[in-house]
Every structure is written in C-alpha cells, then in structure tokens.
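Enquirer: any chance you could fold what I've pasted below:
(2 chains)
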Amino acid sequence: MSLVGPSGSGKSSLLRAVIGLQQPITGTVDTEVAPSQIGLLFQDDALLPWKTARKNVALGLTFRGVKRQAALARADEWLDRLGLAGLGDRFPRHLSGGQRKRVAIAQVLVLQPKLLLMDEPFASLDAIVRARIIQDVAGLVECEHLSALLVTHDLEEAISLSDHIYLLSRGPRAHLTRDYPVPIPRPRDPVGARTHPSFAPLYETLWRDLSLEVDRLPEAAE
Amino acid sequence: MRALDPRYAWLRQILGFAVALVIWEGAGRLGLLNPLFAPSPSSIAAALVDLFADGRIWPHLEATFTAALGGLVIGILIGIVLGVVAALVPVVAELLEPVMTLLNAIPRVILAPLFVIWLGIGLASKIALSFILVAVLIFFTVFSGIRQVDRRLVERIVTLGGGRRALVRHVYLPSVSAWILSNLKVAVGFAFTGACVGEFVAATRGLGYLLSFAQSTYNAALMFALIFLILIVVLAIFAAAGQLEKYLLRWR
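Expert: The predicted structure is shown next:
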C-alpha cells in the first residue's frame, strides 16, 4: 500500500514512528511484527562511505549475531539478486546512484523483513534507472511475500506499485482521508500497469483529491 | 603567450630554485653579502655535511624525534579520549570546553618555560609541550566531529538493529579517524614545533638546542643548515602521513 499527501502532512514522520526512530506525540503505534522484522528504505541511500558494498549489506546481519563469513556470503547472494554481482568490493563512492540504491535495498532485504517501509526511496533517481529499480523491488516484494508501505509524492509510482493508496490530509493534524483501492490484478508489471484501463481514471481522481488537499488552507489552531 | 605545460611544473620550480641559489652563491663570492648574516649556499652545505660527517648530529636528531613523536602519539590519544568523552557526556563538555578554548586561544608555546620548571630540561618538558600543542588540536577535531556526525548514518545503523556499540564502531570511530587523518599533517607540524621550541628554551640536546647554540655563537651557516634539516625531516613525515591518509581514506 502507498501513502500520499501534501508536503508537511507527516508521511515521513509516520514511517519514522512505525520503526521507532521517533516517538509519536500522542497515541501509540501498533504493528503485528517486531521492530526487527521491519525494514526501512530511506530517501537517500545513507550507506557507510567507508565500507564496501558487501560489508554495508552484511552489517545488519552481524548486528543479529550472524558470523562474519556467513553474513558476507549472504550479502553477496543479495547483491547478485539485485544485479550487482562483482561490484561487492567497491566503496559507495565508486558506484552510480542507481547502484547505491540497489545496495541500500539489499542492505534492508538481506535481513528478511516482514514489513518493508519506503520513504520516497526512488525520488533521487533518473527515469530509466528508477523504472528498472521499481520493477525489481516490486518483483522482490512479491516473491519474498513482504508487506510494503510506500510513502511517495509520485502518484504513478503509488498506483503501479500498490493495492491500496491512502491520502493523508494537509497538516497540521493531518489524518487519513480515503482509501483508494487499485483494481490492477497481481502479479503485475509496474511499467505495464501504466497501460491498464483503470490506471488513468485512478490517477486523475488521486490528482484531483491531492490538489484539493494541497490548496486547502491549514485548519485554524484551536 | 604559450600555456605552460603543467606536467613540467616541478622542473621549472627546481630550475628557478637553482638559479636563485646560483645568484645567492655568486653574490656571496663577490662579497656583496655579509657571510655573518647570509652565508653562501656552499658554506651552508658544508655545515650540513659537517654535522653528519662526525656523527654528532644523531643524538640531537634522536632527541627531537623522540620528543615530537612522543608528544604526537600521546597528544592524539589523549585528544581522542577527551574529545569522545566530552562529546558523549555533557557535564564533561561543560567543564572541558572553556579550558580547551582558552588553551586554543593562547599561543601554547608560551607554556614552554613553565614545563621546564615543572619537568626539568630533559625530554619530558619537550614531550609535554609537543603534547599540549597536539592534544588541543585533536580534542577540537574529535569533539566537533562527533557532534557533526551524519545523522542519516546513525539512523541507518539504528534501523538495521545496531546498538550503541555498533554506532561507536561503525559510525563514530570511522568518522573521527577520517577527521584526525585530515588533520594529521597539521598535528605533525605542531609536534615538531613543540619539540624544537622546547629545546630552544632549555635543553642539552636536540635540533632546537643546536639552533640556540648556533644563535649564541653567531653561526648563521649552522642555523641555515639546521633549518634545512628540519624542513627535510618534516617534509618526509608529511609524505608518509599523506600516504597513510591516502590508503586509509581510499573510500573518499
């Protein structure tokens, strides 16, 4: 599912609260899975610049007590799956933006989370690279049976990747306004989804509702 | 005008330096320069050869090196420890920061006479001066460095399940070592400043002691030879520090 909403409506804060980086001011966060089973993909790749790609990927495993050699082997496996075979010994600086993003994805997925949170993870990539990475992530999410929550500004991205889209109202005191189910069947190809007959009408509806939220004056404080 | 080929910059620099030396030497031979103030390059070279020929330079070199490297190593270690503790424990930062800021504001070599009174004219007072010069520099490097650590990297480690120890090991220490390495050359310079000034103030051995001896005997050739020698030594250490930096920071 995806979460869209105007800037400042608290989309990122919501994700940060789910994974425990931020305490909600009021209320609590209930998840069915333990925090260790949640993976978070950031907007920027935030890899450790002084560690090679494979060591970056292996990091989370070693925190969970996996032996170094085994962790590195599994890191290599995941780098292979993301099409980065042979690039494991490079430092992040010597990888392209798309490759770094893939390393960051491997870093999260190697821990085999049950829930994958994504905070505008594809925003900084150029169109072709972005389409390919989105395709790969969609494939991995399906084959690993992950639940995924995507925060994004990009409505196309939201529609092509999700089954449900939620619109967050304008902040402060933002709330979920509506659930927009996406009637495109799975398994689906995120690029092909754009030509599905229900894509355009849904895009239009979302665009209109989101524009309304953006234009709405903030609620007066009490 | 034709553009200069940047590949041969070093050649032109050496050539220019050589021409300057020849003019200097010529002026000296023609009696245009008072050898008491500006000895000719050949007499400086002779003084330098002299120092090594009878081997009496070695104990002095050894003394200065021991003082500078001793001060450098202890200064870096203590600087790191104080910086890390101050960055992590607010009370320590409150107490330490004003003292360090004061020490940073004054020219720390003015402490040299005090160290001589406290520690005598032996090696200890030179190490102490070297140490205080280096430690304050490293303290600020580490202290401000830790406070500026990239928050995103910290969050990355936390969301991957890393605890406090993982943060120190994978984020703080590597960031801090990167900053220290970037400041290593400055620290080496400081360490030798401390050692030489300490020896200059009061000592029985060392390059700084030789310098003050040359001063009291009006031996300008020896002074130039010593300055040249210190220059070579520090340049050699700079080159080594540069290589170390290049290797350890190869991820940059």
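
Enquirer: low pLDDT regions in the stretch 101-250 of chain B?
Expert: Across the stretch 101-250 of chain B, nothing is flagged by pLDDT under 70.

Enquirer: which residues touch the closest residue to chain A within it?
Expert: Using C-beta to the nearest C-beta, the single residue of the stretch 101-250 of chain B nearest to chain A is residue B:160, 3.7 Å away. Every residue, glycine included, has its C-beta placed from N, CA and C. Neighbouring residues of residue B:160 by C-beta atoms under 8 Å, 6 or more residues apart in numbering or on different chains: A:59, A:60, A:63, A:107, A:108, A:111.

Enquirer: residues from chain B in reach of chain A?
Expert: Residues of chain B lying close to chain A (C-beta under 8 Å from any C-beta of the partner chain) are B:150, B:152-153, B:155-163, B:166, B:170-171, B:174, B:178, B:250-252.

Enquirer: drop anything exposed from those.
Expert: Burial by neighbour count, judged by 16 or more other C-beta atoms under 10 Å in any protein chain shown, picks out B:153, B:155-162, B:166, B:170-171, B:174, B:178, B:251 from those.

Enquirer: what's the farthest-apart pair in those residues?
Expert: Maximum pairwise distance among these (C-beta to C-beta): 24.4 Å, between B:161 and B:178.

Enquirer: what's near enough to touch the nearest residue to residue B:223 once chain neighbours are set aside?
Expert: Distances taken as C-beta to C-beta, 6 or more residues apart in numbering or on different chains put residue B:214 closest to residue B:223, at 4.4 Å, once the chain neighbours are dropped. The contact partners of residue B:214, taken as C-beta under 8 Å, 6+ apart, are B:220, B:222, B:223, B:226.

Enquirer: how about a cut-off of 7 Å?
Expert: Shown in contact with residue B:214 (C-beta atoms under 7 Å, 6 or more residues apart in numbering or on different chains): B:222, B:223, B:226.

Enquirer: so the second one, which of the three states?
Expert: Read that as residue B:223. What DSSP: H, G, I helix; E, B strand; the rest coil gives for residue B:223 is helix.

Enquirer: isn't it up against residue B:213?
Expert: No: applying C-beta atoms under 7 Å as the test, residue B:223 and residue B:213 come out as separate, 9.6 Å apart.

Enquirer: more crowded one of these two?
Expert: Higher neighbour count among residue B:223 and residue B:213: residue B:223, with 20 against 15, using other C-beta atoms under 10 Å in any protein chain shown.

Enquirer: which ones are touching the more buried one?
Expert: Contacts of residue B:223 (C-beta under 7 Å, 6+ apart): B:211, B:214, B:215.

Enquirer: in JSON lines, list those along with secondary structure.
Expert: Conversion of those to JSON lines gives the following (three-state DSSP):
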{"residue": "B:211", "secondary structure": "helix"}
{"residue": "B:214", "secondary structure": "helix"}
{"residue": "B:215", "secondary structure": "helix"}
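
Enquirer: for residue B:123, state which of those is nearest.
Expert: residue B:211 (17.2 Å).

Enquirer: that closest one: neighbouring residues, count only.
Expert: 21.

Enquirer: thinking it is in contact with residue B:198, fair?
Expert: No: between residue B:211 and residue B:198 there is no contact under C-beta under 7 Å: 11.8 Å.

Enquirer: which residue packs closest to residue B:252, ignoring adjacent ones?
Expert: residue A:93 is the one closest to residue B:252 (C-beta to C-beta, 6+ apart), at 6.6 Å.

Enquirer: please apply the same query to residue B:39.
Expert: residue B:221 (4.0 Å).

Enquirer: which residues touch residue B:60?
Expert: B:205, B:206, B:207, B:209, B:210.
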